[in-house]
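> Below: sequence and its predicted model.
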Amino acid sequence: MSSATRPLRILQILRAPVGGLFRHVYDLTHELAARGHEIGIVADSLHTDALTEERLDRLRPLAPLGIHSLPIPRSFGAADLTTPFRVRRLANELAIDVLHGHGAKGGFNARLARVGARQRVSLYTPHGGVLNYRPGSVAGQLFRLIERTLIGATDAIVFESAFAQTAYAEQIGNPACPAPVIHNGLMPHEFEPIVPGPEAADFVFIGEFRAVKGISYLLDALVNVRTPEGRPATLVMAGGGPDLEAIQAQIGNLGLAGRVTLVGVKPARPTLQLGRIAVVPSLAESLPYVILEAAAAGRPVIATDVGGVKEIYGPTAASLLPAADAAALRGAMQAALDDPAAAMREAEQRLAHIRRGFSIAHMTDQIEALYGQALATRAPAAFVPSSPLSS
């Protein structure tokens, strides 16, 4: 804990413990708890399953203020009129200093629960959130209206990438509160090198099976990729999702059944051992953990130039590929097989960049300091909603 920061009582609020958002909340909670802060968690009670409960159980030892289940609808519902007041009541009972909302709905509840309270502050990390909705959609317009209205109840915004910061300014407006870029960070053990075994596939994909991950382009690209010995290149794919059957059908239609192995949902680090080169062909991203993890483990990565990926790539950003371009993807995959030494040299450059700016300690230092800054500033007790048109 920073010498300038007293132990704080912090309530982390999220809708569902999934994806990179949950990974961020888990890591931040782990590090804050290690620094002497007391943490509580609020998550949705409407849509839960065994996997959700398993993930929340991982947080229990780190959250002495408890894991609290409250109704948080994915879109809009009646609970949106009541849950913020229940969060406020919970924050009063727990004597919370900081309400930290993650994602669109976490941020919505954190900031409404902070209205009228001098004794606490609210922070918001979008994790894409409202920025993921199409600007012309009804839901997108409504979420952006709410976002502009809540600016007055926001003591600080944490952007996980400069890409997200720019997108927010363009779609919502420039925040009046502190709004720094604080990149996601990795644990020390995640910088330990991974060396694939002799039976590893040529490539490995880790992610959700849905269209935005660009899997169809990856499979199209793989068809004509060969090793220097002339063997058809192989691919291991870890993940699950709504497009699983479509992906299986495409594998069959392209004649890749003997070259692509589906291993289901697996943790990233052990899965990275199953392939020599990681491929992340996404059509859209914010700041994907899978690239951070692969790069930190010293593995070559082929990725598309979307979202904040170039912030991870740093000095190697010139090698990023256009999204939705199977030909460019095939060329990069072939080049990596033809010259593995060059691929490893680039991986070493990327690793040095990651080490400097993407550690969990560096991330938490900055967020912890932001908590202290917000508390020292103390937002006014009365909240007058901003005009949605003012931004």
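Noted; the coordinates are in hand. If you're wondering where the values come from, they're calculated on a predicted model, not measured in any experiment.

> The helix or strand where Ile39 lies - what's its average pLDDT?
Assessed by DSSP states H and E, Ile39 sits inside strand 38-44. Mean per-residue pLDDT for strand 38-44: 97.

> Does anything pack onto the helix or strand just after it? Which helices or strands?
From strand 38-44 onward toward the C-terminus, using DSSP H and E, the following helix or strand is helix 50-59. For helix 50-59, the packing partners by 3 or more Cβ pairs under 8 Å, 6 or more residues apart in numbering; DSSP states H and E come out as helix 19-34, strand 38-44. C-beta coordinates here come from the backbone N, C-alpha and C atoms, glycine included.

> need the contact list for Ala221.
Ala221 makes contact with Pro281, Ala326, Ala327, Leu329, Arg330, Met333 under the criterion Cβ atoms under 8 Å, 6 or more residues apart in numbering.

> any idea whether it is helix, strand or coil?
On the three-state scheme (DSSP: H, G, I helix; E, B strand; the rest coil), Ala221 is labelled helix.

> any idea how far it is from Arg269?
Separation of Ala221 from Arg269 (Cβ to Cβ, to the nearest Å) stands at 25 Å.

> And for Ser282?
For Ser282, the distance to Arg269 equals 20 Å [Cβ to Cβ].

> now the stretch 151-300 of the chain, which segments are flagged as low pLDDT?
Within the stretch 151-300 of the chain, not a single segment meets pLDDT under 70.

> Show me where it has its strands.
For the stretch 151-300 of the chain, the strands defined by DSSP state E, counting those that start in this stretch occupy 156-157, 201-206, 235-238, 260-264, 275-280.

> Give me the pLDDT value at the closest residue to Thr82 other than its chain neighbours.
Among residues not flanking Thr82 along the chain, Pro71 sits closest, at 7.8 Å (Cβ to Cβ, 6 or more residues apart in numbering). Listed pLDDT for Pro71 reads 95.

> My guess is Pro71 contacts Leu46. True?
Yes: between Pro71 and Leu46 there is a contact at 5.0 Å, judged by Cβ atoms under 8 Å.

> what residues do these two have in common as contacts?
Common contacts of Pro71 and Leu46 (Cβ under 8 Å, 6+ apart): Ala79.

> For Ala303, give me its contacts.
Counting by Cβ under 8 Å, 6+ apart, Ala303 touches Val279, Val280, Pro281, Ser282, Ile291, Val309, Tyr313, Leu320, Leu321.

> For it, pull up the helix or strand it's in.
With DSSP H and E as the test, Ala303 turns up in strand 301-303.

> ok, that strand: who's next to it in the sheet?
Next to strand 301-303 in the sheet, as set by DSSP bridges, lie strand 275-280 (parallel).

> Alpha carbons of stretch 367-374, as CSV, please.
C-alpha atoms of stretch 367-374 as CSV (Å, rounded to 0.1, in the frame of the first residue of the first chain):
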residue,chain,number,x,y,z
ILE,A,367,-5.5,2.9,-9.5
GLU,A,368,-4.7,3.2,-5.7
ALA,A,369,-3.4,6.7,-6.3
LEU,A,370,-6.5,7.6,-8.2
TYR,A,371,-8.7,6.4,-5.3
GLY,A,372,-6.7,8.7,-3.0
GLN,A,373,-6.9,11.6,-5.3
ALA,A,374,-10.7,11.3,-5.7
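
> Okay, buried residues for it please.
For stretch 367-374, a neighbour-count test (16 or more other Cβ atoms under 10 Å) marks Ile367, Glu368, Leu370, Tyr371, Gly372, Gln373, Ala374 as buried.

> Any chance of JSON lines for those residues, columns pLDDT, secondary structure and distance to Asn92?
Supplementary listing: the buried residues of stretch 367-374 in JSON lines, determined by pLDDT from 0 to 100; DSSP: H, G, I helix; E, B strand; the rest coil; distance: Cβ to Cβ, whole Å:
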{"residue": "Ile367", "pLDDT": "98", "secondary structure": "helix", "distance to Asn92": "24"}
{"residue": "Glu368", "pLDDT": "97", "secondary structure": "helix", "distance to Asn92": "23"}
{"residue": "Leu370", "pLDDT": "97", "secondary structure": "helix", "distance to Asn92": "23"}
{"residue": "Tyr371", "pLDDT": "97", "secondary structure": "helix", "distance to Asn92": "19"}
{"residue": "Gly372", "pLDDT": "95", "secondary structure": "helix", "distance to Asn92": "22"}
{"residue": "Gln373", "pLDDT": "95", "secondary structure": "helix", "distance to Asn92": "23"}
{"residue": "Ala374", "pLDDT": "95", "secondary structure": "helix", "distance to Asn92": "19"}
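
> Include distance to Val260 when you put those residues into JSON lines, please.
Formatted as JSON lines, the buried residues of stretch 367-374 follow (distance: Cβ to Cβ, whole Å):
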{"residue": "Ile367", "distance to Val260": "40"}
{"residue": "Glu368", "distance to Val260": "44"}
{"residue": "Leu370", "distance to Val260": "44"}
{"residue": "Tyr371", "distance to Val260": "46"}
{"residue": "Gly372", "distance to Val260": "50"}
{"residue": "Gln373", "distance to Val260": "49"}
{"residue": "Ala374", "distance to Val260": "48"}
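
> just the residues you listed now: which is nearest Arg35?
Nearest to Arg35 among the buried residues of stretch 367-374: Glu368, at 6.9 Å, using Cβ to Cβ.

> Burial check on Ala78, number of neighbours?
Per other Cβ atoms under 10 Å, the neighbour tally for Ala78 reads 9.

> quick one: it from Leu46, how far?
11 Å.

> Just send the strands of the stretch 151-300 of the chain back as a markdown table, with distance to Arg114 too.
Shown next, in a markdown table, are these (distance: least, Cβ to Cβ, whole Å):
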| stretch | distance to Arg114 |
| --- | --- |
| strand 156-157 | 11 |
| strand 201-206 | 37 |
| strand 235-238 | 39 |
| strand 260-264 | 41 |
| strand 275-280 | 36 |
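
> Nearest to Val212, out of the ones you listed?
Taking Cβ to Cβ, strand 275-280 is the member of the strands of the stretch 151-300 of the chain nearest to Val212, at 11.8 Å.

> Tally up the residues packed near Gly207, please.
24.

> Let me know whether it touches Ala278 as I believe.
No: here Gly207 does not reach Ala278: they are 10.2 Å apart, not a contact under Cβ under 8 Å.
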